[in-house]
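quick one, what's the 3D model for this:
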Amino acid sequence: MIDPDTQAGWAAEAEAEAEDDAEDMPLSLRLSIADTLTLGNATCGFMAVYFTTTGILIPHLTGSDESGMARHSAATAVILMLCAAIFDLFDGLVARKLRSSPMGAELDNLSDLISFGLAPAYFVLVYGMVADDAHQRVSALAAVVVLLAVVLRLARFSCVTMKDGMFQGMPSPFGALTVISIVLLELPFVPTLLAIVGVAWLMVSRVEYPKPRGILAVAMLSWIVAAMGLLAAWAFDAPGGQLLLQTGCALQVVTGAVIPLFATARRVNTFRDNRREARAAQLP
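Coordinates of the predicted model:
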């Protein structure tokens, strides 16, 4: 029979040892709340690949005619990428408000590579295998281009210092969602391919994009939630669901094309203003 006082002493000693272990743990191995959100981002990206494989690719390879299953799986995969974008949005906000661990930046880049590099590239690859008018090898090449663009985009983000509030190149979450929207529009193969390569180029370009903060972050979150609703309506074959989805995808693509035009116009205007100031300074 165990003495209650002795058992209480053992419990106190075990608790003290656990606290000592936590204090001895290197700071770089302690996960913050922001890191947990980042891991949620990676999980969503991986599950998007899973649903793309099990719900779209495998039924196609086995000759299944269940188009509804493919539609549900495609919607689930895209919704998971949208959830990854939400995690990516909030982990930065939480890290700024609370604290982030020393490995937070590395975790964020690795998670973004899974959710916004691997997952959309794999989606493009599977599209090339299941679409009637697509060419598998060319689609595989386009998928590699998307993946490498995200890799280069994330690597440059870690090395290049930009002015506050701006990104250089299309952000990888926005680029991934634009690539997916292009595929879901079901355009002919050549325009789809060219648009995907164009998005990949924008991700590695020097075009400036605003960071989602304040009102812009709220607008981005609202757009993601609305996109989830459009995907759900399309997945369950709601009346007008196909039209709503294509409208949403078209808006995403148009937004991705318009922002660089505004950025270029702003840069041109800045250049002109600087030239005018230089000429005015040279006048007697």
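
center of this protein, which residue is that?
In the chain, the C-alpha nearest the mean C-alpha coordinate belongs to P173, at 2.7 Å (CA atoms, centre = their mean).

same for the strand or helix carrying that one, what does it pack against?
Taking DSSP states H and E as the criterion, P173 maps to helix 172-184. When contacts are defined as 3 or more CB pairs under 8 Å, 6 or more residues apart in numbering; DSSP states H and E, helix 172-184 sits against helix 67-97, helix 119-130, helix 136-159, helix 189-204, helix 241-282. Any C-beta I mention is one placed from the backbone N, CA and C, and that applies to glycine too.

neighbouring contacts of it?
Here helix 172-184 makes contact (CB atoms under 8 Å, 6 or more residues apart in numbering) with 74, 78, 81-82, 84-85, 88-89, 112, 115-117, 119-120, 123-124, 127, 146, 149-150, 153-154, 170, 192, 195-196, 199-200, 202-203, 209, 227, 245-246, 248-250, 252-253, 256.

PyMOL command for the buried members of those?
A single PyMOL command selects the buried members of the contacts of helix 172-184 (16 or more other CB atoms under 10 Å):
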select buried, resi 74+78+81+82+84+85+88+89+112+115+116+117+119+120+123+124+127+146+149+150+153+154+170+192+195+196+199+200+202+203+209+227+245+246+248+249+252+253+256
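
coming back round to it: pLDDT (mean, whole number) over the helix holding P173?
What helix 172-184 shows for mean pLDDT is 93.

now the angle between helix 67-97 and it, please.
Here helix 172-184 runs at an angle of 170 degrees relative to helix 67-97 (axes from the mean of the first three to the mean of the last three CA atoms, to 10 degrees).

ok now helix 172-184, how far from the chain's centre?
Relative to its chain's centre, helix 172-184 lies at 9 Å (CA atoms, centre = their mean, to the nearest Å).

got it, and stretch 119-138?
Centroid displacement of stretch 119-138 relative to its chain, using CA atoms, centre = their mean, is 19 Å.

apart from its neighbours in sequence, what residue is nearest D112?
In space, and not counting its chain neighbours, D112 is closest to S172: 5.3 Å by CB to CB, 6 or more residues apart in numbering.

run a quick neighbour tally on the one you found.
25 (other CB atoms under 10 Å).

and the one 10 residues further on, by the same measure?
Residue crowding around I182 was assessed by other CB under 10 Å; the count is 26.

my guess is L193 contacts A140. True?
No - proximity of L193 to A140 does not meet the contact threshold set by CB atoms under 8 Å, at 11.4 Å.

tell me which of the two has more neighbours.
Under the criterion of other CB under 10 Å, the comparison of L193 against A140 puts L193 first, with 21 against 15.

one step back: would you point to the one among the helices and strands packed on helix 172-184 that's packed deepest?
Among the helices and strands packed on helix 172-184, ranked by average contacts under mean count of other CB atoms under 10 Å, first place goes to helix 119-130 (a mean of 23).

which secondary structure elements does it sit against?
helix 33-52, helix 67-97, helix 136-159, helix 172-184.

where among those helices is the average confidence lowest?
Minimum mean pLDDT among the helices and strands packed on helix 119-130: helix 67-97, a mean of 85.

heading C-terminal from that helix, find the next helix or strand.
The first helix or strand that comes after helix 67-97 along the chain, using DSSP H and E, is helix 104-113.

which stretch of helix or strand covers F167?
Using DSSP H and E, F167 sits within strand 166-168.

and that strand, what does it pack against?
Using 3+ CB pairs under 8 Å, 6+ apart, strand 166-168 is in contact with helix 136-159, strand 208-210.

pull the contacting residues for G248.
181, 226-227, 230.

so for the residue nearest to I182 when sequence neighbours are not counted, what's the pLDDT?
Nearest non-adjacent residue to I182, counting by CB to CB, 6+ apart: A195, 4.6 Å away. A195 is assigned 94 on the pLDDT scale.

what does the one 3 residues further on give?
Model confidence at G198, expressed as pLDDT, equals 94.
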